[in-house]
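> Could you work out the structure for the sequence below:
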Amino acid sequence: MGSSFGERLKQERLSRNLTQAELGGALYSASYISLLENAHREPTTEIIKQLAQQLELAPSSVAQWAQSSTPAESEGLRLSLIARQSWDTRDYSGAASSAKAAAELACSAKDSVTWWNMTFLAANSLLRNGDHADATASLQSLLEHQLTRDSDALSLRAHQVMAAAMLAQGSLPEAINHATLAVEIGSGDSAEEFGAYLLALQTLIGALTEAGRLDEAWTHTMVLAEAVTDQTPPQMAGEIHWVIGNVAFIRQDIRTGLEHHAKASRLLSPAADLSRWAQFNKATAWVRLMAGVVEPATLQAIERSELAHSVVGATVAETLEVSLLRARWHFLNNEIPQALDLLNGIEMQWDQLAPHIAGDSALLLGNALQAANRLDDALAAYRDAFDRYTQAGASDRAEVAADHMASIHTTSA
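Coordinates of the predicted model:
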């Protein structure tokens with residue numbers, strides 16, 4: 001049978017985020033699955049039947065993998081595996097490039113399932129790499145495809161990632177729309193669908209919070225909280241507590257925010273996912289500072305975020321966001337010159353930030369300039385904040401910027 005069967009088996013296993021042990025289940029050991037994937041064992045009819053059941057595929061489709069591959073099919077499989085391996089090593093640019101190439105070959109071969117999986121992987125890789133426009137274009141092609149329209153599971157995944165892409169770009173109404181569509185599909189029957197549902201719920205909560213719709217966000221956090229059980233994996237439970245704590249802080253429920261972020265800190269492991277751990281520390285520092293919690297634990301979160309982002313490699317936007325944390329820390333500690341120095345540097349690249357984050361930068365700059373009694377400059381910064389918040393659809397924050405402008409006008413009159 002050659003390597004065709006093994007390569008396709010590995011591709012399908014990785015596309016479902018299964019380990020070799022999980023694919024083998026109670027019938028086959030991880031080492032035996034490895035032998036199949038590396039063409040050191042030939043699958044029998046019974047093995048094909050059992051593997052098809054594990055992968056939720058028709059036995060006939062799995063049996064076809066044993067047929068000889070064309071050069072194009074072999075190249076597609078090779079690119080698919082490279083894309084998966086690049087994703088696992090956080091080479092998101094390489095993952096996107098290989099996945100796109102594999103998707104093109106699959107499209108030529110009219111293999112719509114492989115095209116969908118590789119395009120989805122490419123979109124996720126582009127999003128992780130900060131290429132939001134390209135990620136959005138790939139996701140739009142998925143949403144328009146007949147496979148997605150015919151499958152709740154695929155529609156859920158595509159809308160969830162599109163919501164995350166829209167949130168990353170600061171397009172809050174679009175993020176809320178896609179996340180709502182994903183949540184309305186429901187959690188499904190498989191672990192993969194349930195995971196996508198939870199991510200969609202988290203994205204919806206984040207977008208509603210950024211848009212100032214805190215009561216709606218808090219209602220959804222209660223649904224999210226109910227999903228945590230003793231069987232919930234620690235990393236997933238940690239992310240859920242992270243989201244709940246974020247909303248609590250922004251609602252000025254400091255005690256609840258500290259409680260949930262403390263749980264998240266214990267559950268999230270830098271060894272499991274250093275990138276997510278970096279993002280958590282950035283987020284917890286952010287909401288603590290927004291709530292005025294200036295204490296050693298907040299500074300520790302800033303320092304952890306700076307260190308972790310330096311290790312994993314940060315995008316320009318992530319680097320600017322971490323600098324904004326440090327600037328807010330200086331401002332709240334009345335270290336105005338240090339805050340202004342950082343904020344002026346951030347403002348030189350504000351267009352690298354999502355509009356609502358760029359609005360936060362301009363608003364803080366206005367506050368620092370006003371504290372330095374530079375009222376004309378502060379007024380200009382508040383105007384920038386108002387425009388950026390309005391672009392993002394963050395009307396409540398735009399009103400805050402407008403109030404600051406009105407205050408300066410009143411003082412100057």
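> elements contacting the biggest helix by length in the chain?
Longest helix in the chain, counting residues (DSSP state H): helix 191-210. Where contact means 3 or more Cβ pairs under 8 Å, 6 or more residues apart in numbering; DSSP states H and E, helix 191-210 is packed against helix 152-168, helix 172-185, helix 214-226, helix 234-250. (Each C-beta comes from the backbone N, C-alpha and C, glycine too.)
> Let me have those in TSV, extended by mean neighbour count.
Shown next, in TSV, are these (neighbours: other Cβ atoms under 10 Å):
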stretch	mean neighbour count
helix 152-168	24
helix 172-185	21
helix 214-226	15
helix 234-250	22
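> Now distance to Leu299 too, for those helices, in JSON lines please.
Listed next are the helices and strands packed on helix 191-210 as JSON lines, based on distance: least, Cβ to Cβ, whole Å:
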{"stretch": "helix 152-168", "distance to Leu299": "27"}
{"stretch": "helix 172-185", "distance to Leu299": "30"}
{"stretch": "helix 214-226", "distance to Leu299": "26"}
{"stretch": "helix 234-250", "distance to Leu299": "16"}
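> Can I get the longest helix of the chain in CSV, CA atoms only?
Extracted in CSV, the C-alpha atoms of helix 191-210 (Å, rounded to 0.1, in the frame of the first residue of the first chain):
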residue,chain,number,x,y,z
ALA,A,191,-15.3,17.7,22.1
GLU,A,192,-14.1,19.8,19.1
GLU,A,193,-17.5,21.5,18.7
PHE,A,194,-17.8,22.1,22.4
GLY,A,195,-14.3,23.7,22.4
ALA,A,196,-15.2,25.9,19.5
TYR,A,197,-18.5,26.9,21.2
LEU,A,198,-16.6,27.9,24.4
LEU,A,199,-14.2,30.0,22.3
ALA,A,200,-17.1,31.7,20.5
LEU,A,201,-18.7,32.5,23.8
GLN,A,202,-15.4,34.0,25.1
THR,A,203,-15.1,36.0,22.0
LEU,A,204,-18.7,37.3,22.3
ILE,A,205,-18.1,38.3,25.9
GLY,A,206,-14.9,40.1,24.9
ALA,A,207,-16.5,42.0,22.1
LEU,A,208,-19.6,43.0,24.1
THR,A,209,-17.3,44.2,26.9
GLU,A,210,-15.2,46.3,24.5
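> If we go by neighbour counts, what in that helix is buried?
Within helix 191-210, the residues that count as buried by 16 or more other Cβ atoms under 10 Å are 192-210.
> The closest residue to Ala109 other than its chain neighbours sits in which helix or strand?
Spatial nearest neighbour of Ala109, chain neighbours left out: Ala72 (6.3 Å); criterion: Cβ to Cβ, 6 or more residues apart in numbering. Assigned by DSSP states H and E, Ala72 falls within helix 71-88.
> What residues of that helix count as buried?
Applying 16+ other Cβ under 10 Å to helix 71-88 flags 73-74, 76-84, 86-87 as buried.
> could those residues go into TSV alongside pLDDT and distance to Leu320?
Shown next, in TSV, are the buried residues of helix 71-88 (pLDDT from 0 to 100; distance: Cβ to Cβ, whole Å):
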residue	pLDDT	distance to Leu320
Glu73	74	44
Ser74	76	44
Gly76	82	38
Leu77	77	40
Arg78	83	38
Leu79	89	34
Ser80	84	34
Leu81	81	35
Ile82	89	32
Ala83	89	29
Arg84	84	31
Ser86	89	26
Trp87	87	25
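> didn't Ala372 look like it was pressed against Ala339?
No: shown here, Ala372 and Ala339 do not form a contact pair, counting by Cβ atoms under 8 Å, at 9.4 Å.
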